[in-house]
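**Q** Whatever this is, show me its structure:
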Amino acid sequence: MSQNRLENGSAGAVPIRIVLQPDASAANDTDCALPGARGGPLGLSRIYWMLWGGMLLNRLGGTIFLLLGLYLTRERGLPPELAGLVISLYAAGGLLAGPIGGASADRLGRRPTLLVGTAASGAFMLALGFARSTAAIVLVAPVLGFFTDACRAPLQAAVADVVPPRDRARAYGLLYWAINLGFAAAASFGGALAAHHFGLLFVIDALTTFGYGAFVLFGVPETRPPPVAAGSFAGNLNGSSAGTGTPAGMLDLPWRDAAFVKFVLIQMLLLLAFVQVLVTLPLDMQAHGLGVAQIGWLLGLNGVFIVIGQPIALRTLRRFGHLQWLVAGAVLTGIGLGTNAFARHGSPLVYLLAVALWTAGEIGVSSAAPAMVADFAPAERRGVYQGTYQLAWALAFTVAPTLGSLVLARLGAPALWLGCLVVCFAAGALHLRITGRRQRS
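**A** Sure, this is the predicted structure:
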(Lines give C-alpha, C1' and ligand atoms only; values in the text may rest on other atoms or scores of the structure.)
Protein backbone atom coordinates (compact mmCIF):
# COMPACT_ATOMS: atom_id res chain seq x y z
CA MET A 1 0.00 0.00 0.00
CA SER A 2 1.02 3.64 0.19
CA GLN A 3 2.78 6.38 2.15
CA ASN A 4 2.61 10.13 2.90
CA ARG A 5 4.23 13.42 4.28
CA LEU A 6 4.22 16.74 6.20
CA GLU A 7 4.25 20.44 5.30
CA ASN A 8 7.17 22.70 6.07
CA GLY A 9 6.41 24.28 9.42
CA SER A 10 9.94 24.89 10.71
CA ALA A 11 10.67 28.25 12.28
CA GLY A 12 12.52 30.72 10.13
CA ALA A 13 11.95 28.73 6.95
CA VAL A 14 11.38 30.60 3.72
CA PRO A 15 7.90 29.69 2.47
CA ILE A 16 8.07 28.06 -0.92
CA ARG A 17 5.07 27.22 -3.03
CA ILE A 18 5.57 24.39 -5.47
CA VAL A 19 2.79 23.83 -7.96
CA LEU A 20 3.06 20.56 -9.84
CA GLN A 21 0.20 19.80 -12.18
CA PRO A 22 -0.58 16.09 -12.58
CA ASP A 23 0.57 14.77 -15.91
CA ALA A 24 1.31 18.35 -16.97
CA SER A 25 4.95 18.79 -16.08
CA ALA A 26 7.30 18.35 -18.95
CA ALA A 27 9.55 16.33 -16.70
CA ASN A 28 6.78 13.89 -15.98
CA ASP A 29 5.24 13.75 -19.44
CA THR A 30 8.32 13.10 -21.54
CA ASP A 31 8.78 9.44 -22.35
CA CYS A 32 12.24 8.07 -21.73
CA ALA A 33 14.34 8.05 -24.91
CA LEU A 34 16.58 5.19 -23.75
CA PRO A 35 17.00 2.16 -26.00
CA GLY A 36 14.50 -0.43 -24.82
CA ALA A 37 12.26 2.16 -23.18
CA ARG A 38 9.61 2.06 -25.89
CA GLY A 39 7.24 -0.70 -26.93
CA GLY A 40 7.10 -4.18 -25.47
CA PRO A 41 4.55 -6.64 -24.04
CA LEU A 42 1.31 -5.01 -22.86
CA GLY A 43 2.60 -1.69 -24.13
CA LEU A 44 5.32 -1.50 -21.46
CA SER A 45 9.01 -1.23 -22.27
CA ARG A 46 11.67 -3.93 -22.22
CA ILE A 47 13.48 -2.09 -19.40
CA TYR A 48 10.31 -2.19 -17.31
CA TRP A 49 9.96 -5.93 -17.85
CA MET A 50 13.57 -6.50 -16.80
CA LEU A 51 12.84 -4.67 -13.54
CA TRP A 52 9.59 -6.64 -13.19
CA GLY A 53 11.36 -9.96 -13.79
CA GLY A 54 14.11 -9.15 -11.33
CA MET A 55 11.61 -8.31 -8.61
CA LEU A 56 9.59 -11.48 -9.30
CA LEU A 57 12.75 -13.60 -9.01
CA ASN A 58 13.71 -11.82 -5.80
CA ARG A 59 10.30 -12.45 -4.22
CA LEU A 60 10.33 -16.11 -5.23
CA GLY A 61 13.23 -16.57 -2.84
CA GLY A 62 11.84 -14.43 -0.03
CA THR A 63 10.59 -17.25 2.17
CA ILE A 64 12.86 -16.67 5.14
CA PHE A 65 11.03 -13.62 6.45
CA LEU A 66 7.83 -15.64 6.79
CA LEU A 67 9.66 -18.03 9.11
CA LEU A 68 12.36 -15.84 10.67
CA GLY A 69 10.82 -15.91 14.16
CA LEU A 70 10.61 -19.71 14.04
CA TYR A 71 14.21 -19.96 12.79
CA LEU A 72 15.56 -17.74 15.56
CA THR A 73 13.76 -19.61 18.33
CA ARG A 74 14.06 -23.18 17.05
CA GLU A 75 17.40 -23.21 15.25
CA ARG A 76 19.35 -20.55 17.10
CA GLY A 77 17.74 -21.07 20.52
CA LEU A 78 16.79 -17.44 21.12
CA PRO A 79 13.98 -16.74 23.59
CA PRO A 80 10.81 -15.35 21.95
CA GLU A 81 11.35 -11.82 23.29
CA LEU A 82 14.88 -11.70 21.85
CA ALA A 83 13.67 -13.10 18.54
CA GLY A 84 11.08 -10.32 18.48
CA LEU A 85 13.82 -7.77 19.14
CA VAL A 86 15.87 -9.08 16.19
CA ILE A 87 12.86 -8.75 13.88
CA SER A 88 12.21 -5.23 15.20
CA LEU A 89 15.85 -4.32 14.57
CA TYR A 90 15.50 -5.59 11.01
CA ALA A 91 12.46 -3.32 10.54
CA ALA A 92 14.26 -0.41 12.20
CA GLY A 93 17.10 -0.76 9.72
CA GLY A 94 14.65 0.11 6.97
CA LEU A 95 13.46 3.38 8.52
CA LEU A 96 16.14 5.51 6.87
CA ALA A 97 16.60 3.24 3.87
CA GLY A 98 13.83 4.91 1.86
CA PRO A 99 15.06 8.52 1.99
CA ILE A 100 18.75 7.55 1.72
CA GLY A 101 18.14 5.05 -1.08
CA GLY A 102 15.96 7.57 -2.89
CA ALA A 103 18.52 10.36 -2.57
CA SER A 104 21.23 8.00 -3.81
CA ALA A 105 19.06 7.05 -6.79
CA ASP A 106 18.70 10.75 -7.69
CA ARG A 107 22.32 11.74 -7.04
CA LEU A 108 24.27 8.63 -8.14
CA GLY A 109 21.73 6.89 -10.33
CA ARG A 110 19.02 4.25 -10.14
CA ARG A 111 21.24 1.52 -11.55
CA PRO A 112 24.23 1.79 -9.15
CA THR A 113 21.91 2.13 -6.15
CA LEU A 114 20.07 -1.04 -7.14
CA LEU A 115 23.31 -2.90 -7.83
CA VAL A 116 24.84 -1.98 -4.48
CA GLY A 117 21.59 -2.68 -2.65
CA THR A 118 21.06 -6.13 -4.15
CA ALA A 119 24.70 -7.14 -3.72
CA ALA A 120 24.82 -5.99 -0.10
CA SER A 121 21.44 -7.43 0.89
CA GLY A 122 22.35 -10.80 -0.65
CA ALA A 123 25.69 -10.82 1.18
CA PHE A 124 24.17 -9.88 4.53
CA MET A 125 21.42 -12.46 4.05
CA LEU A 126 24.15 -15.11 3.86
CA ALA A 127 25.84 -13.54 6.88
CA LEU A 128 22.62 -13.81 8.88
CA GLY A 129 22.16 -17.43 7.84
CA PHE A 130 25.70 -18.37 8.90
CA ALA A 131 25.72 -16.25 12.08
CA ARG A 132 25.83 -18.41 15.19
CA SER A 133 26.31 -15.95 18.06
CA THR A 134 23.46 -13.81 19.32
CA ALA A 135 25.64 -10.69 19.02
CA ALA A 136 26.33 -11.36 15.34
CA ILE A 137 22.63 -11.91 14.62
CA VAL A 138 21.70 -8.67 16.39
CA LEU A 139 24.35 -6.72 14.47
CA VAL A 140 23.54 -8.12 11.03
CA ALA A 141 19.74 -7.80 11.21
CA PRO A 142 19.42 -3.98 10.97
CA VAL A 143 22.09 -3.75 8.25
CA LEU A 144 20.25 -6.36 6.21
CA GLY A 145 17.00 -4.45 6.73
CA PHE A 146 18.61 -1.24 5.51
CA PHE A 147 20.02 -2.62 2.26
CA THR A 148 16.87 -4.62 1.50
CA ASP A 149 14.64 -1.55 1.80
CA ALA A 150 17.17 0.73 0.07
CA CYS A 151 16.31 -1.01 -3.23
CA ARG A 152 12.65 -0.01 -3.22
CA ALA A 153 12.83 3.73 -3.96
CA PRO A 154 15.25 3.40 -6.93
CA LEU A 155 13.04 0.64 -8.37
CA GLN A 156 9.92 2.81 -8.12
CA ALA A 157 11.79 5.79 -9.59
CA ALA A 158 13.15 3.73 -12.50
CA VAL A 159 9.64 2.52 -13.35
CA ALA A 160 8.44 6.13 -13.49
CA ASP A 161 11.46 7.00 -15.68
CA VAL A 162 10.58 4.46 -18.38
CA VAL A 163 6.76 4.39 -18.21
CA PRO A 164 4.68 7.37 -19.39
CA PRO A 165 2.19 8.86 -16.91
CA ARG A 166 -0.88 7.32 -18.54
CA ASP A 167 0.49 3.78 -17.96
CA ARG A 168 2.12 4.17 -14.55
CA ALA A 169 -0.76 2.94 -12.39
CA ARG A 170 -0.98 -0.17 -14.58
CA ALA A 171 2.80 -0.67 -14.41
CA TYR A 172 2.91 -0.35 -10.62
CA GLY A 173 -0.09 -2.64 -10.36
CA LEU A 174 1.67 -5.32 -12.39
CA LEU A 175 4.77 -4.91 -10.25
CA TYR A 176 2.70 -5.37 -7.10
CA TRP A 177 1.11 -8.44 -8.70
CA ALA A 178 4.57 -9.91 -9.31
CA ILE A 179 5.53 -9.32 -5.68
CA ASN A 180 2.44 -11.17 -4.47
CA LEU A 181 2.86 -13.96 -7.01
CA GLY A 182 6.39 -14.49 -5.74
CA PHE A 183 5.18 -14.35 -2.14
CA ALA A 184 2.48 -16.94 -2.79
CA ALA A 185 4.93 -19.29 -4.51
CA ALA A 186 7.58 -18.82 -1.81
CA ALA A 187 5.09 -19.51 0.96
CA SER A 188 4.00 -22.73 -0.72
CA PHE A 189 7.42 -24.41 -0.60
CA GLY A 190 9.18 -22.52 2.19
CA GLY A 191 7.74 -24.51 5.07
CA ALA A 192 8.52 -27.86 3.47
CA LEU A 193 12.07 -26.80 2.69
CA ALA A 194 12.60 -25.44 6.20
CA ALA A 195 11.59 -28.79 7.66
CA HIS A 196 14.58 -30.41 5.92
CA HIS A 197 17.21 -27.65 6.07
CA PHE A 198 16.49 -24.15 7.34
CA GLY A 199 19.85 -22.85 6.12
CA LEU A 200 18.86 -23.42 2.49
CA LEU A 201 16.25 -20.67 2.80
CA PHE A 202 19.00 -18.10 3.42
CA VAL A 203 21.04 -19.39 0.49
CA ILE A 204 18.05 -19.35 -1.87
CA ASP A 205 17.05 -15.85 -0.76
CA ALA A 206 20.61 -14.59 -1.32
CA LEU A 207 20.88 -16.21 -4.75
CA THR A 208 17.57 -14.77 -5.95
CA THR A 209 18.64 -11.34 -4.68
CA PHE A 210 21.90 -11.64 -6.62
CA GLY A 211 19.78 -12.72 -9.59
CA TYR A 212 17.74 -9.53 -9.25
CA GLY A 213 21.00 -7.59 -9.40
CA ALA A 214 21.99 -9.54 -12.53
CA PHE A 215 18.75 -8.47 -14.23
CA VAL A 216 19.69 -4.86 -13.48
CA LEU A 217 23.35 -5.31 -14.47
CA PHE A 218 22.67 -6.86 -17.86
CA GLY A 219 19.22 -5.53 -18.76
CA VAL A 220 18.70 -2.10 -17.22
CA PRO A 221 20.66 1.00 -18.30
CA GLU A 222 20.74 4.13 -16.17
CA THR A 223 17.31 5.76 -16.38
CA ARG A 224 17.92 8.88 -14.29
CA PRO A 225 17.11 12.12 -16.17
CA PRO A 226 20.15 14.15 -17.28
CA PRO A 227 21.84 16.42 -14.69
CA VAL A 228 20.96 19.52 -16.69
CA ALA A 229 17.29 19.08 -15.81
CA ALA A 230 18.15 18.61 -12.14
CA GLY A 231 20.16 21.81 -12.04
CA SER A 232 17.36 23.70 -13.71
CA PHE A 233 14.85 22.55 -11.13
CA ALA A 234 17.15 23.38 -8.24
CA GLY A 235 17.50 26.87 -9.62
CA ASN A 236 13.73 27.27 -9.77
CA LEU A 237 13.47 26.34 -6.10
CA ASN A 238 16.31 28.33 -4.62
CA GLY A 239 17.12 30.99 -7.15
CA SER A 240 20.32 29.18 -8.01
CA SER A 241 21.49 25.74 -8.98
CA ALA A 242 22.96 25.15 -5.53
CA GLY A 243 21.21 23.65 -2.55
CA THR A 244 18.98 20.81 -3.61
CA GLY A 245 21.87 19.05 -5.33
CA THR A 246 23.45 18.38 -1.94
CA PRO A 247 22.45 15.24 -0.05
CA ALA A 248 20.78 17.28 2.72
CA GLY A 249 18.91 19.41 0.20
CA MET A 250 17.73 16.37 -1.72
CA LEU A 251 16.39 14.70 1.44
CA ASP A 252 14.65 17.92 2.46
CA LEU A 253 13.01 18.65 -0.89
CA PRO A 254 9.84 16.52 -0.56
CA TRP A 255 9.17 18.01 2.88
CA ARG A 256 8.96 21.46 1.29
CA ASP A 257 6.33 20.31 -1.20
CA ALA A 258 3.14 21.17 0.73
CA ALA A 259 0.79 19.26 -1.56
CA PHE A 260 2.91 16.11 -1.39
CA VAL A 261 3.18 16.32 2.40
CA LYS A 262 -0.61 16.46 2.69
CA PHE A 263 -0.93 13.47 0.37
CA VAL A 264 1.51 11.44 2.48
CA LEU A 265 -0.22 12.32 5.75
CA ILE A 266 -3.57 11.16 4.40
CA GLN A 267 -1.98 7.95 3.22
CA MET A 268 -0.44 7.39 6.66
CA LEU A 269 -3.93 7.66 8.14
CA LEU A 270 -5.09 4.96 5.74
CA LEU A 271 -2.07 2.78 6.50
CA LEU A 272 -2.63 2.92 10.26
CA ALA A 273 -5.92 1.12 9.59
CA PHE A 274 -4.66 -1.28 6.92
CA VAL A 275 -1.67 -2.55 8.92
CA GLN A 276 -4.09 -3.97 11.51
CA VAL A 277 -4.42 -7.03 9.26
CA LEU A 278 -0.86 -8.00 10.18
CA VAL A 279 -1.14 -8.09 13.98
CA THR A 280 -4.59 -7.52 15.45
CA LEU A 281 -6.56 -9.45 12.83
CA PRO A 282 -4.88 -12.81 13.66
CA LEU A 283 -5.44 -12.09 17.36
CA ASP A 284 -9.10 -11.34 16.71
CA MET A 285 -9.48 -14.50 14.65
CA GLN A 286 -7.94 -16.54 17.44
CA ALA A 287 -10.29 -14.96 19.98
CA HIS A 288 -13.22 -16.04 17.79
CA GLY A 289 -12.16 -19.68 18.00
CA LEU A 290 -10.23 -20.13 14.76
CA GLY A 291 -7.19 -22.40 14.78
CA VAL A 292 -3.73 -21.54 13.51
CA ALA A 293 -4.30 -23.47 10.28
CA GLN A 294 -7.55 -21.61 9.58
CA ILE A 295 -5.94 -18.26 10.33
CA GLY A 296 -3.01 -18.99 8.01
CA TRP A 297 -5.36 -20.16 5.28
CA LEU A 298 -7.55 -17.05 5.53
CA LEU A 299 -4.63 -14.61 5.53
CA GLY A 300 -2.96 -16.51 2.70
CA LEU A 301 -6.01 -15.85 0.56
CA ASN A 302 -4.92 -12.21 0.41
CA GLY A 303 -2.03 -13.12 -1.91
CA VAL A 304 -4.21 -15.51 -3.92
CA PHE A 305 -6.90 -12.86 -4.41
CA ILE A 306 -4.29 -10.34 -5.57
CA VAL A 307 -2.77 -12.77 -8.06
CA ILE A 308 -6.23 -13.54 -9.48
CA GLY A 309 -7.90 -10.17 -9.11
CA GLN A 310 -5.24 -7.61 -10.00
CA PRO A 311 -4.97 -8.50 -13.72
CA ILE A 312 -8.76 -8.27 -13.95
CA ALA A 313 -8.76 -4.89 -12.22
CA LEU A 314 -5.97 -3.57 -14.43
CA ARG A 315 -8.11 -4.11 -17.53
CA THR A 316 -10.35 -1.26 -16.40
CA LEU A 317 -7.57 0.89 -14.95
CA ARG A 318 -7.27 3.24 -17.91
CA ARG A 319 -10.92 4.23 -17.65
CA PHE A 320 -10.33 5.97 -14.33
CA GLY A 321 -7.82 8.45 -12.96
CA HIS A 322 -5.31 7.72 -10.22
CA LEU A 323 -7.33 9.65 -7.64
CA GLN A 324 -10.47 7.66 -8.39
CA TRP A 325 -8.60 4.38 -7.91
CA LEU A 326 -7.05 5.61 -4.68
CA VAL A 327 -10.35 6.75 -3.17
CA ALA A 328 -12.11 3.55 -4.25
CA GLY A 329 -9.29 1.55 -2.67
CA ALA A 330 -9.60 3.45 0.61
CA VAL A 331 -13.38 2.89 0.71
CA LEU A 332 -13.13 -0.84 -0.07
CA THR A 333 -10.36 -1.25 2.50
CA GLY A 334 -12.56 0.41 5.11
CA ILE A 335 -15.58 -1.77 4.27
CA GLY A 336 -13.42 -4.89 4.41
CA LEU A 337 -11.88 -4.03 7.78
CA GLY A 338 -15.24 -2.96 9.16
CA THR A 339 -16.78 -6.28 8.13
CA ASN A 340 -14.56 -8.01 10.73
CA ALA A 341 -16.69 -6.39 13.44
CA PHE A 342 -19.52 -8.80 12.57
CA ALA A 343 -17.48 -12.00 12.96
CA ARG A 344 -19.04 -14.80 14.99
CA HIS A 345 -17.32 -17.40 17.16
CA GLY A 346 -16.09 -20.40 15.21
CA SER A 347 -17.25 -19.11 11.81
CA PRO A 348 -14.65 -18.08 9.21
CA LEU A 349 -17.18 -16.90 6.61
CA VAL A 350 -17.27 -13.26 7.74
CA TYR A 351 -13.47 -13.14 7.75
CA LEU A 352 -13.42 -14.68 4.28
CA LEU A 353 -15.68 -11.92 2.96
CA ALA A 354 -13.62 -9.31 4.78
CA VAL A 355 -10.35 -10.55 3.24
CA ALA A 356 -11.86 -10.36 -0.25
CA LEU A 357 -13.04 -6.77 0.34
CA TRP A 358 -9.88 -5.31 1.90
CA THR A 359 -7.77 -7.11 -0.70
CA ALA A 360 -9.79 -5.35 -3.44
CA GLY A 361 -9.05 -2.09 -1.67
CA GLU A 362 -5.36 -2.96 -1.44
CA ILE A 363 -5.28 -3.55 -5.19
CA GLY A 364 -6.65 -0.07 -5.85
CA VAL A 365 -4.30 1.69 -3.44
CA SER A 366 -1.18 -0.25 -4.45
CA SER A 367 -1.76 0.61 -8.12
CA ALA A 368 -2.62 4.29 -7.70
CA ALA A 369 -0.45 5.55 -4.84
CA PRO A 370 3.07 5.12 -6.33
CA ALA A 371 1.80 6.50 -9.64
CA MET A 372 0.55 9.60 -7.80
CA VAL A 373 3.91 9.97 -6.04
CA ALA A 374 5.55 9.95 -9.48
CA ASP A 375 3.08 12.66 -10.54
CA PHE A 376 4.10 14.83 -7.60
CA ALA A 377 7.84 14.38 -8.12
CA PRO A 378 10.02 16.34 -10.54
CA ALA A 379 11.58 13.77 -12.87
CA GLU A 380 15.07 14.26 -11.46
CA ARG A 381 13.82 13.83 -7.86
CA ARG A 382 11.62 10.76 -8.26
CA GLY A 383 13.91 8.66 -6.10
CA VAL A 384 13.79 10.84 -3.01
CA TYR A 385 10.03 11.35 -3.34
CA GLN A 386 9.47 7.59 -3.52
CA GLY A 387 11.88 7.13 -0.62
CA THR A 388 10.03 9.68 1.48
CA TYR A 389 6.80 7.85 0.75
CA GLN A 390 8.50 4.61 1.79
CA LEU A 391 9.51 6.16 5.13
CA ALA A 392 5.86 6.88 5.87
CA TRP A 393 5.12 3.18 5.33
CA ALA A 394 7.83 2.25 7.80
CA LEU A 395 6.48 4.66 10.41
CA ALA A 396 2.95 3.35 9.99
CA PHE A 397 4.17 -0.22 10.36
CA THR A 398 5.98 0.81 13.55
CA VAL A 399 3.02 2.59 15.18
CA ALA A 400 -0.01 0.65 13.95
CA PRO A 401 0.53 -2.72 15.70
CA THR A 402 0.87 -1.15 19.15
CA LEU A 403 -2.03 1.24 18.58
CA GLY A 404 -4.32 -1.50 17.26
CA SER A 405 -3.44 -3.90 20.07
CA LEU A 406 -4.30 -1.27 22.68
CA VAL A 407 -7.68 -0.57 21.09
CA LEU A 408 -8.42 -4.28 20.79
CA ALA A 409 -7.53 -4.96 24.43
CA ARG A 410 -9.31 -1.98 25.99
CA LEU A 411 -12.29 -1.30 23.70
CA GLY A 412 -12.84 -4.63 21.97
CA ALA A 413 -12.89 -5.93 18.40
CA PRO A 414 -16.05 -4.10 17.18
CA ALA A 415 -14.58 -0.74 18.22
CA LEU A 416 -11.29 -1.53 16.48
CA TRP A 417 -12.79 -2.61 13.17
CA LEU A 418 -15.51 0.03 13.00
CA GLY A 419 -12.86 2.59 13.90
CA CYS A 420 -10.78 1.34 10.96
CA LEU A 421 -13.81 1.77 8.71
CA VAL A 422 -14.21 5.39 9.84
CA VAL A 423 -10.48 6.09 9.38
CA CYS A 424 -10.44 4.68 5.85
CA PHE A 425 -13.56 6.61 4.87
CA ALA A 426 -12.00 9.75 6.30
CA ALA A 427 -8.83 9.16 4.25
CA GLY A 428 -10.90 8.75 1.09
CA ALA A 429 -12.84 11.95 1.80
CA LEU A 430 -9.64 13.88 2.50
CA HIS A 431 -8.13 12.68 -0.76
CA LEU A 432 -11.20 13.86 -2.64
CA ARG A 433 -11.10 17.26 -0.97
CA ILE A 434 -7.36 17.94 -0.61
CA THR A 435 -5.57 15.78 -3.17
CA GLY A 436 -8.38 16.38 -5.64
CA ARG A 437 -7.95 20.14 -5.21
CA ARG A 438 -4.40 19.84 -6.52
CA GLN A 439 -5.61 17.96 -9.57
CA ARG A 440 -8.29 20.56 -10.26
CA SER A 441 -5.90 23.51 -9.89
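**Q** Mind giving me the packing neighbours of the host helix or strand of G428?
**A** If you go by DSSP states H and E, G428 is part of helix 413-430. Where contact means 3 or more Cβ pairs under 8 Å, 6 or more residues apart in numbering; DSSP states H and E, helix 413-430 is packed against helix 258-274, helix 280-287, helix 322-339, helix 382-411. Using the backbone N, CA and C atoms, a C-beta is placed for each residue, glycine as well.
**Q** Can you say which of these is nearest to V138?
**A** For V138, the closest of these is helix 382-411, at 18.5 Å, according to Cβ to Cβ.
**Q** so for the helix holding G428, what's the average pLDDT?
**A** Taken as a whole, helix 413-430 has a mean pLDDT of 96.
**Q** Report the angle between it and helix 280-287.
**A** 150 degrees (axes from the mean of the first three to the mean of the last three Cα atoms, to 10 degrees).
**Q** Contacts for helix 413-430 next, please.
**A** For helix 413-430, contacts defined as Cβ atoms under 8 Å, 6 or more residues apart in numbering pick out 266-267, 269-270, 272-274, 276, 280, 284, 287, 326-327, 330-331, 333-335, 337-341, 343, 361, 404, 407-408.
**Q** Show me which residues of that helix are buried.
**A** Neighbour-count burial for helix 413-430, with 16 or more other Cβ atoms under 10 Å as criterion, is recorded at 413, 416-421, 423-428, 430.
**Q** Show me how the chain divides into domains.
**A** 35-224, 257-441 (automatic domain parsing).
**Q** Derive a PyMOL selection command for the buried subset of the contacts of helix 413-430.
**A** Those of the contacts of helix 413-430 that count as buried under 16+ other Cβ under 10 Å are selected in PyMOL with:
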select buried, resi 266+267+269+270+272+273+274+276+280+284+326+327+330+331+333+334+335+337+338+339+340+341+343+361+404+407+408
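**Q** still on that earlier bit, using a markdown table, please lay out the helices and strands packed on helix 413-430 together with distance to L42.
**A** Shown next, in a markdown table, are the helices and strands packed on helix 413-430 (distance: least, Cβ to Cβ, whole Å):
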| stretch | distance to L42 |
| --- | --- |
| helix 258-274 | 27 |
| helix 280-287 | 34 |
| helix 322-339 | 18 |
| helix 382-411 | 22 |
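**Q** Ok, which of these comes nearest Q294?
**A** helix 280-287 (7.4 Å).
**Q** Which positions in the helix or strand that the closest one is followed by come out as buried?
**A** Note on helix 280-287: by DSSP H and E, the next helix or strand toward the C-terminus is helix 292-315. By 16+ other Cβ under 10 Å, the buried positions in helix 292-315 come out as 295, 298-299, 301-303, 305-307, 309-310, 313-314.
**Q** Chain neighbours aside, what residue packs nearest to A394?
**A** L95 (4.9 Å; Cβ to Cβ, 6 or more residues apart in numbering).
**Q** Tell me how many other residues crowd the one you found.
**A** 19 (other Cβ atoms under 10 Å).
**Q** Over to the one 5 residues further on?
**A** Here the neighbour count serves as a burial measure; for I100 (other Cβ under 10 Å) it reads 20.
**Q** just checking, W177 touches I308?
**A** No. Counting by Cβ atoms under 8 Å, W177 does not reach I308; the two are 9.8 Å apart.
**Q** Show the model's pLDDT score for the residue lying closest to A343 once chain neighbours are set aside.
**A** Of all residues beyond its chain neighbours, the one nearest A343 is V350 (4.4 Å), with distances taken as Cβ to Cβ, 6+ apart. With respect to pLDDT, V350 has a value of 94.
**Q** how about the one helix or strand V350 maps to: buried residues?
**A** Using DSSP H and E, V350 falls within helix 349-376. Buried positions in helix 349-376, judged by neighbour count with 16+ other Cβ under 10 Å: 351, 353-376.
**Q** so where's the stretch 51-200 of the chain uncertain?
**A** Scanning the stretch 51-200 of the chain for pLDDT under 70 picks out the ranges 66, 187-188, 191, 195.
**Q** if you set the cut-off to 90 instead, what comes out?
**A** 59-99, 132, 149, 165-170, 173, 176-200 (pLDDT under 90).
**Q** Can you show me the helices along the stretch 1-150 of the chain?
**A** Secondary structure of the stretch 1-150 of the chain (DSSP state H, counting those that start in this stretch): helices located at 26-29, 46-60, 68-70, 80-93, 97-107, 110-130, 134-149.
**Q** could you dump these to JSON lines with distance to R438?
**A** Formatted as JSON lines, these follow (distance: least, Cβ to Cβ, whole Å):
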{"stretch": "helix 26-29", "distance to R438": "14"}
{"stretch": "helix 46-60", "distance to R438": "27"}
{"stretch": "helix 68-70", "distance to R438": "40"}
{"stretch": "helix 80-93", "distance to R438": "32"}
{"stretch": "helix 97-107", "distance to R438": "21"}
{"stretch": "helix 110-130", "distance to R438": "26"}
{"stretch": "helix 134-149", "distance to R438": "28"}
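**Q** Return the most buried member of those.
**A** Compared across the helices of the stretch 1-150 of the chain, helix 97-107 shows the largest average neighbour count, a mean of 27 (mean count of other Cβ atoms under 10 Å).
**Q** tell me what that helix is packed against?
**A** For helix 97-107, the elements it packs on are helix 110-130, helix 134-149, helix 152-162, helix 247-252, helix 382-411, judged by 3+ Cβ pairs under 8 Å, 6+ apart.
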